[in-house]
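Visitor: Whatever this is, show me its structure:
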Amino acid sequence: MYLFRLATASLANRRFTALLTVFAIALSVCLLLAVERVRTEARNSFASTISGTDLIVGARSGSVNLLLYSVFRIGNATNNIRWDSFEQLAANPQVKWAIPISLGDSHRGYRVMGTSGAYFEHYHYGHGQALELAQGRAFATDPFEVVLGADVADTLKYQLGDHLVLAHGVATISLIKHDDKPFTVVGILKRTDTPVDRTLHISLGGMEAIHIDWRNGMPARGAERISADQARNMDLTPHAITAALLGLNSKIATFSLQRQIDDFTGEPLMAILPGVALQELWSLMSTAEKALVVISLFVVLTGLIGMLTAILTSLNERRREMAILRSVGARPWHIASLLIFEAFALALAGSVAGLALLYIGIAASQGWVQANYGLFLPLAAPSAYEWSLLAGVLGAALLMGVIPAWRAYRQSLADGLSIRI
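Guide: Numbers count the residues shown, from 1 in each chain. The predicted model follows:
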């Protein structure tokens with residue numbers, strides 16, 4: 001213990017260099033822990049987005065692409081599914097429930113999703129948690145009603161009864177808006193920390209109504225335009241949807257129904273299992289994840305090398321100090337232990353400071369990250385793996401401390417009580 005006190009006193013005497021070293025280690029440790037925290041929470045966020053859905057059905061493309069646009073609202077579908085094909089799937093005796101999904105429009109950068117009342121009844125996230133309304137109700141018979149996700153309502157400051165206009169396409173700024181058919185906010189969902197929070201939900205009839213007078217991808221003009229009141233009195237049965245979520249009566253039937261859908265004769269369809277597609281997504285991202293972790297480890301190594309350089313540089317200046325310690329009875333291994341303790345103290349202070357920087361950063365950016373990237377970073381205690389990373393940093397610092405300790409040991413043996421000028 002007295003060696004540790006002596007090491008801290010020595011560092012206090014060289015406080016400016018010591019603080020710079022601690023700061024460098026703190027930044028590197030903060031980066032390492034931040035990368036690990038983001039990686040872990042991103043996995044948890046993706047995995048908790050959908051629960052209880054047995055199959056996702058869409059136009060034949062790739063399983064990851066289908067998962068991304070149907071569940072995570074990332075990317076776009078290569079093709080649509082005909083409505084009569086969806087009705088055949090929903091009528092299959094093996095299917096317990098079916099949720100249609102229609103995408104393609106947006107509002108101020110947020111995706112709009114057309115669906116049915118089955119979505120609010122059967123869609124689950126996390127550990128089987130159902131969607132709940134914080135305010136209002138789900139859309140009903142009027143096609144021009146919208147239910148907002150929590151992030152949409154919070155960011156855009158919408159309340160029940162407000163009117164909003166949807167835009168064609170998914171760009172942040174759209175030149176084509178459905179301003180002749182405004183929607184009324186009738187409900188706001190409770191926060192789920194999933195893409196649901198960043199989605200505007202309308203009925204399939206509403207999605208059909210805003211495009212009912214469109215021709216060849218462009219809105220009608222003049223007398224050909226159909227007003228909102230006229231659209232309400234028209235048949236708003238959709239012609240096509242983007243994808244469908246299926247829940248089955250028996251998990252055993254999942255693979256057989258998947259094969260039936262893949263061999264569907266009406267049009268080219270494909271069915272995926274959400275969990276399998278998610279694993280495929282992680283396998284594609286694993287290289288990038290590993291690269292980020294490796295870069296972070298090299299940053300930590302750079303910080304520790306800076307610490308080693310600072311200690312080695314100070315050795316020649318401290319030979320008188322070492323000689324005085326020898327004169328009062330310190331042995332060479334005491335001198336070596338002193339240097340190891342100094343390295344450990346610097347790494348420990350840097351690790352604690354890095355952990356503090358991590359939590360300050362999370363607290364400051366938590367809302368912004370969630371609003372812009374949909375990633376919730378909790379102010380939780382370090383995980384077992386994060387503790388192991390910190391232990392690894394301290395262990396590496398001890399190993400690096402052996403290098404100046406060995407040099408100090410050799411010098412103390414050579415110098416004895418004299419100082420070489």
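Visitor: so where is this structure shaky, pLDDT-wise?
Guide: 1-13, 171-175, 216-220, 222-223, 314-336, 370-374, 408-421 (pLDDT under 70).
Visitor: Show me what the longest strand along it pairs with in its sheet, parallel or antiparallel.
Guide: The longest strand of the chain (DSSP state E) is strand 95-107. Within its sheet, strand 95-107 is paired with strand 110-115 (antiparallel), strand 167-168 (antiparallel), strand 243-248 (antiparallel), according to DSSP bridges.
Visitor: Can you give me the domain boundaries for the protein?
Guide: 2-46+286-415, 55-272 (automatic domain parsing).
Visitor: now the ones you listed as JSON lines including mean neighbour count and distance to L278?
Guide: Any C-beta I mention is one placed from the backbone N, CA and C, and that applies to glycine too. What follows is the domains of the chain, written out as JSON lines (neighbours: other C-beta atoms under 10 Å; distance: least, C-beta to C-beta, whole Å):
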{"stretch": "domain 2-46+286-415", "mean neighbour count": "17", "distance to L278": "6"}
{"stretch": "domain 55-272", "mean neighbour count": "17", "distance to L278": "7"}
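Visitor: Present the ones you listed as TSV; the columns should include distance to E280.
Guide: Output for the domains of the chain, formatted as TSV (distance: least, C-beta to C-beta, whole Å):
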stretch	distance to E280
domain 2-46+286-415	11
domain 55-272	6
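Visitor: hey, where'd the helices end up in this protein?
Guide: 2-13, 15-47, 63-71, 83-90, 118-122, 150-156, 204-210, 228-232, 254-262, 274-315, 319-327, 332-373, 384-415 (DSSP state H).
Visitor: mind putting those helices in JSON lines, distance to D193 included?
Guide: As requested, the helices of the chain are exported to JSON lines (distance: least, C-beta to C-beta, whole Å):
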{"stretch": "helix 2-13", "distance to D193": "43"}
{"stretch": "helix 15-47", "distance to D193": "7"}
{"stretch": "helix 63-71", "distance to D193": "14"}
{"stretch": "helix 83-90", "distance to D193": "29"}
{"stretch": "helix 118-122", "distance to D193": "18"}
{"stretch": "helix 150-156", "distance to D193": "9"}
{"stretch": "helix 204-210", "distance to D193": "26"}
{"stretch": "helix 228-232", "distance to D193": "34"}
{"stretch": "helix 254-262", "distance to D193": "27"}
{"stretch": "helix 274-315", "distance to D193": "17"}
{"stretch": "helix 319-327", "distance to D193": "55"}
{"stretch": "helix 332-373", "distance to D193": "7"}
{"stretch": "helix 384-415", "distance to D193": "21"}
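Visitor: Would you tell me which of those helices gets closest to K96?
Guide: Nearest to K96, of all those, is helix 118-122, at 8.4 Å by C-beta to C-beta.
Visitor: Would you pull up how far the closest one lies from the middle of the chain?
Guide: On the basis of C-alpha atoms, centre = their mean, to the nearest Å, helix 118-122 sits 25 Å off its chain's mean C-alpha point.
Visitor: Repeat that for stretch 38-47.
Guide: Worked out by C-alpha atoms, centre = their mean, stretch 38-47 lies 5 Å from the chain centre.
Visitor: And stretch 382-394, by the same measure?
Guide: That offset, for stretch 382-394, works out to 21 Å (C-alpha atoms, centre = their mean).
Visitor: Please save the CA atoms from it in CSV.
Guide: The C-alpha atoms that make up stretch 382-394 are tabulated as CSV, following Å, rounded to 0.1, in the frame of the first residue of the first chain:
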residue,chain,number,x,y,z
PRO,A,382,-21.6,-1.7,-17.5
SER,A,383,-22.3,-5.3,-18.7
ALA,A,384,-20.1,-8.2,-17.8
TYR,A,385,-18.4,-7.9,-21.2
GLU,A,386,-17.8,-4.2,-20.7
TRP,A,387,-16.2,-4.9,-17.3
SER,A,388,-14.0,-7.5,-19.0
LEU,A,389,-12.9,-4.8,-21.5
LEU,A,390,-12.0,-2.5,-18.6
ALA,A,391,-10.1,-5.3,-16.9
GLY,A,392,-8.3,-6.0,-20.2
VAL,A,393,-7.2,-2.3,-20.4
LEU,A,394,-5.9,-2.5,-16.8
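Visitor: list the contacts for Q159?
Guide: Applying C-beta atoms under 8 Å, 6 or more residues apart in numbering to Q159 gives the contacts 153, 185.
Visitor: hmm, 10 Å instead?
Guide: 135-136, 148, 153, 185, 188 (C-beta atoms under 10 Å, 6 or more residues apart in numbering).
Visitor: Show me the two of the residues you listed that sit farthest apart.
Guide: Farthest pair in the contacts of Q159, by C-beta to C-beta: G136 and A153, 10.2 Å.
Visitor: Any chance you could list residues touching both of those two?
Guide: 147, 159-160, 185, 187-189.
Visitor: could the residues you listed go into TSV alongside distance to A140?
Guide: Shown next, in TSV, are the shared contacts of G136 and A153 (distance: C-beta to C-beta, whole Å):
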residue	distance to A140
V147	11
Q159	19
L160	14
V185	13
G187	10
I188	16
L189	16
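Visitor: Widest-spaced pair of those?
Guide: So, the shared contacts of G136 and A153 by C-beta to C-beta: farthest apart are Q159 and L189, at 14.1 Å.
Visitor: surely S383 meets T40?
Guide: Yes: using C-beta atoms under 10 Å, S383 is in contact with T40, at 7.0 Å.
Visitor: Can you tell me, leaving aside adjacent residues, what's nearest to V293?
Guide: V35 (6.2 Å; C-beta to C-beta, 6 or more residues apart in numbering).
Visitor: any idea how far F298 is from the one you found?
Guide: To F298, V35 is 12 Å away according to C-beta to C-beta, to the nearest Å.
Visitor: what's the answer for S116, then?
Guide: Taken as C-beta to C-beta, the span from S116 to F298 is 51 Å.
Visitor: A356: what's it in contact with?
Guide: 26, 30.
Visitor: my bad, L257
Guide: 54-55, 57, 89, 92, 94-95, 246, 248, 250, 271.
Visitor: for the helices of the chain, which one sits closest to H239?
Guide: helix 83-90 (5.8 Å).
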